[in-house]
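In: build me a model from this:
(one chain, ligands or ions: 1)
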Amino acid sequence: MADPILAALFISATTYLALLFVIDRRRDVLDIREGASRFLTIAAAVSLAWTAVQLLARLRALNLISWMDPLSLQWVSHYSLLPLALLFLRLTGIFERRKINLTAWTTAGAVLLTAAVLLHELPPRPAEEHFRSQFAFMLLAGGWAVSSTSALVITLLGARGRASPLHRNRSYYWISALLLVTAGQALCWFSQPILSSLFHAAGFVMGCYTQLTHYLPDLRATARRGAGIIIISILTIVIYTAGYAAFQSIEQQAPGISPLLGGAVLAVLMVLLVNPVLSLMQRFLHRLFNRSRYDPNQMLSEYSLSISNILNLEYLAMIVVGIIGQAMDITHGALVIVHHEPSSTGNPGGGSFSLRMISESGQYIGVGRLKDNSPVAYALRREHQPLTQYDIDLLSRFKAMDEDERAFLNSLDIDVYVPIYSGDAWIGLLALGPKKTQERYYKEDLSLLQTLADQTAIALENARLYEDLKQRNTENEILNAELKQANRELERLDEAKSDFITIASHELRTPLTQVIGYNDILGEMVKTGQLNPRDGKRMIESVHKAARRLEEIVETMFDMSKIESRTLDLSCVPVPLASVVNNSIETWKTGINERKQVVTVHGMAHLPAVTCDGKRMTQVFSNLIQNAIKSTPDGGHIRITGRLVEPHDGVPDLNEECVEVTIEDNGIGIAEEDLERIFQKFYRGGSVLLHSSGDTKFKGAGPGLGLTIARGIVEAHGGRIWAESSGFDENLRPGATFHVILPVRRRPVETPVRLADGQR
Ligand code: ADP
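Out: Residues are numbered from 1 along each chain as shown. Predicted coordinates:
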């Protein structure tokens, strides 16, 4: 009679042999990562050896062979369990993509195994109940238990942390395989060879199936279907048993009734009852187990009706993702607009696809990029079918994917990408997150989604064209506005040119007329002998003054041309700004006194020296003070303040230590639109002809170059200058403030100049 243990061991051994063959055949067909196939092969070989040892032990026990000690054989089979557990731990690591320190585990395992072998095998060989044997057994069993538990815990934690149902399903398979294998190995410790070998072989088959198969059937759905079949079967048995019992009791209570008639009536009743009850039950179970309930036909017609005529991309996204999301009960989704951007260098593979994502609430939620040569872009562009994140994670053809792209896709928490095409061009995507029911996207779902995506193509293309058109319109509007601005600027330049001619002639004519006039008078007086020394001196002085004015104007224009041609020479040394300001005020002392104005200086004395060209800086402040004098009526107040500013003091774009000087007056002020313009060449507020040229007269004007030159000099020092005013008003006199910021750029100050703050 055949021995059941031998039969079980023989079946297991054949299974491992077959698995070795299958693993070898499927090595390249499916995704076998990081040596999974290698470790599966080793595990199958060790399992085969382990089973062979048990086979020999059984043959020996049955006295079919006489060589070898049965006890030693049993120990050898125990020794195999620790390496087997370690191999499954490593396979778990590969499965979970977790870094497991293989060297540490292997070393620990090898130490335990060697210790156990030495303890048990070293002569004199101890009896089974001897402490050495028991200790060896404990070492082996302990190491095995830790490795097996670790593998189970790692897989359980991995399954818990996964949102994607496909990944979770895969984990369930691996957990089932591990449980079976571990149970098989555990039973070996308790010398249960039949169950042990069968469980282990079954677990191994399941493990190989899990590692080698990409699309695993839904374990939970299969379990639910199984439960449904069992419930329906039990119900059917209950109904028929009840029918039979009813028939018997009728027969007993009314013996006169012909059993044939009774049987026939009962049969009719059963036929009438059983089918409706069972189909009701089936419907109930179907609804209980299949939580995603939508009618594809109804969804298709509702979908195409809703998206026709939508021209707005945001609205299209809301409708598209909204309908699908509601029907399939998904957590989130997005409509993705795909644009191909060719490489700037013209390299055919160097371009990329930009992915603009619009959420179900119509918001733009981000932009991603896939390179032309990205395997994901290739699949979406070419394959005309949905691509799942599960595929991207596991299939070997996506393994070479760019890490940035992988991180981008992972960050989206999307389960399935459904491509949308216009002709052959890939123009969009439906990106759908996990279902709320935590179920996977079934084949039917995916094919419906592809149909929906195909229906979306026309609407998406129209909306994209419409958006392009809108974009072009906006760009045109911007261009028009820029053109208008440029025109205005040209007009202003034209005006400035005529102003220049007017100003130049106006400014030059007065001193020239004076020079010529006095010259004529002098000549006349010399001719008639009327020239007395006092009149002569007065006239010579007037001619000199007029000539000086001419010289000043020419110099100003010369400075302007130097600034424009960037040939302004600066000789920079550390200069205390207090003395610069002081000298500038000195220049206009007569005018200030005549106009009864008050100039006060604050906070200048303790400022650090600024490395600058002192003469040029005096020119800047002199101009600013002169402008303040001219813009302020008699009796006005000009306040000059200095302070040190550091990068963190709130002044924008400041990255070094600077000194800020402000010149504030209570004069007529500056209109907001002129605040920048006054720094332009030849710009003077109001009509050019209304101005009178004069050094310090109220509202007196020069050639309109002072501020332009001041800005040129300040910027040449790496500084900034700007004006602030709440407006222009000759009656209210809001005043104006000019700010000058200059970098300190410290260097040792050779001759410090001390200046008391306060009124001058
Ligand atoms: P100008 O040679 O006319 O002084 P600027 O370039 O120095 O030329 O000044 C240009 C114009 O800026 C002046 O004509 C005046 O209208 C205006 N402006 C300058 N400083 C002030 C100020 N402190 N208050 C009001 N307006 C001012």
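
In: mind listing the strands for the stretch 651-760 of the chain?
Out: Along the stretch 651-760 of the chain, the stretches classed as strands by DSSP state E, counting those that start in this stretch are 658-665, 720-725, 736-743, 758-759.

In: also the stretch 251-400 of the chain?
Out: Along the stretch 251-400 of the chain, the stretches classed as strands by DSSP E, counting those that start in this stretch are 333-341, 352-359, 364-371, 387-388.

In: now do the second one and strand 333-341, the angle between them.
Out: Between the direction of strand 352-359 and that of strand 333-341, the angle (axes from the mean of the first three to the mean of the last three CA atoms, to 10 degrees) works out to 160 degrees.

In: and strand 352-359, what's buried?
Out: 352-353, 355-359 (16 or more other CB atoms under 10 Å). C-betas here are computed from N, CA, C, even on glycine.

In: which one of those residues is nearest to residue 514?
Out: Nearest to residue 514 among the buried residues of strand 352-359, counting by CB to CB, is residue 356 at 72.0 Å.

In: how about the residue nearest to the closest one when sequence neighbours are not counted, what does it touch?
Out: Spatial nearest neighbour of residue 356, excluding adjacent residues (CB to CB, 6 or more residues apart in numbering): residue 337 at 4.4 Å. Residues counted as contacts of residue 337 (CB atoms under 8 Å, 6 or more residues apart in numbering) are 313, 355-358, 427-428, 460, 464.

In: quick one, phi psi at residue 351?
Out: Phi and psi for residue 351, reported as degrees, to the nearest 10, are phi -80, psi -170.

In: okay, it: pLDDT?
Out: Listed pLDDT for residue 351 reads 88.

In: for residue 463, see how far away the residue nearest to residue 356 is.
Out: 9 Å (CB to CB, to the nearest Å).

In: residue 423: how many residues sit nearby?
Out: 8 (other CB atoms under 10 Å).

In: what about the stretch 51-200 of the chain, any weak spots by pLDDT?
Out: When residues are selected by pLDDT under 70, those of the stretch 51-200 of the chain lie in 128.

In: quick one: the helices in it?
Out: Counting by DSSP state H, counting those that start in this stretch, the stretch 51-200 of the chain has helices at residues 70-96, 102-121, 131-160, 165-189, 193-212.

In: just give me the closest of the contacts of residue 337 to residue 598.
Out: Using CB to CB, residue 356 comes nearest to residue 598 of the contacts of residue 337, at 62.9 Å.

In: which non-adjacent residue is nearest residue 417?
Out: residue 387 (4.8 Å).

In: residue in the stretch 251-400 of the chain with the shortest distance to the ligand?
Out: Across the stretch 251-400 of the chain, the shortest distance to the ligand (CB to the nearest ligand atom) belongs to residue 344, at 44.8 Å.

In: not counting its neighbours along the chain, what's nearest that residue?
Out: Residue 344's closest residue in space is residue 350 (CB to CB, 6+ apart), at 8.0 Å.

In: pretty sure the one you found sits against residue 341.
Out: No - using CB atoms under 8 Å, residue 350 makes no contact with residue 341, being 10.1 Å away.

In: got the buried residues for stretch 400-420?
Out: Result for stretch 400-420 [16+ other CB under 10 Å]: buried residues 401, 405-406, 408-409, 412, 414-420.

In: I should have written stretch 480-494 there, sorry.
Out: Buried, per 16+ other CB under 10 Å, within stretch 480-494: nothing.

In: quick one: stretch 224-240 to chain centroid distance?
Out: Its chain's C-alpha centre and that of stretch 224-240 lie 52 Å apart, by CA atoms, centre = their mean, to the nearest Å.

In: now do that stretch, average pLDDT.
Out: The model assigns stretch 224-240 a mean pLDDT of 87.

In: same deal with stretch 731-738?
Out: 95.

In: that one close to the ligand?
Out: Yes - counting by CB under 6 Å from any ligand atom, the ligand is contacted by stretch 731-738 at residue 736.

In: any idea how far apart the tips of that stretch sit?
Out: Using CA to CA, to the nearest Å, the end-to-end distance of stretch 731-738 comes to 21 Å.

In: what are the buried residues along it?
Out: For stretch 731-738, the neighbour count (16+ other CB under 10 Å) marks 733, 735-738 as buried.

In: next one: stretch 259-269
Out: residue 262.

In: and it, C-alpha only, in CSV?
Out: The C-alpha trace of stretch 259-269 is given here as CSV (Å, rounded to 0.1, in the frame of the first residue of the first chain):
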residue,chain,number,x,y,z
PRO,A,259,-47.7,10.7,-2.3
LEU,A,260,-47.5,11.2,-6.1
LEU,A,261,-50.1,14.1,-5.9
GLY,A,262,-48.5,15.6,-2.8
GLY,A,263,-45.0,15.3,-4.4
ALA,A,264,-46.3,17.0,-7.6
VAL,A,265,-47.9,19.9,-5.7
LEU,A,266,-44.8,20.4,-3.7
ALA,A,267,-42.6,20.2,-6.8
VAL,A,268,-44.7,22.9,-8.4
LEU,A,269,-44.6,25.1,-5.3
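
In: report the inter-axis angle for the host helix or strand of residue 505 versus strand 333-341.
Out: For residue 505, the enclosing helix or strand under DSSP states H and E is helix 443-528. Here the directions of helix 443-528 and strand 333-341 differ by 60 degrees (the same axes, to 10 degrees).

In: show me what helix 443-528 is packed against.
Out: Contact here means 3 or more CB pairs under 8 Å, 6 or more residues apart in numbering; DSSP states H and E; on that basis helix 443-528 packs against helix 296-307, helix 313-328, strand 333-341, strand 416-422, strand 425-432, helix 533-564.
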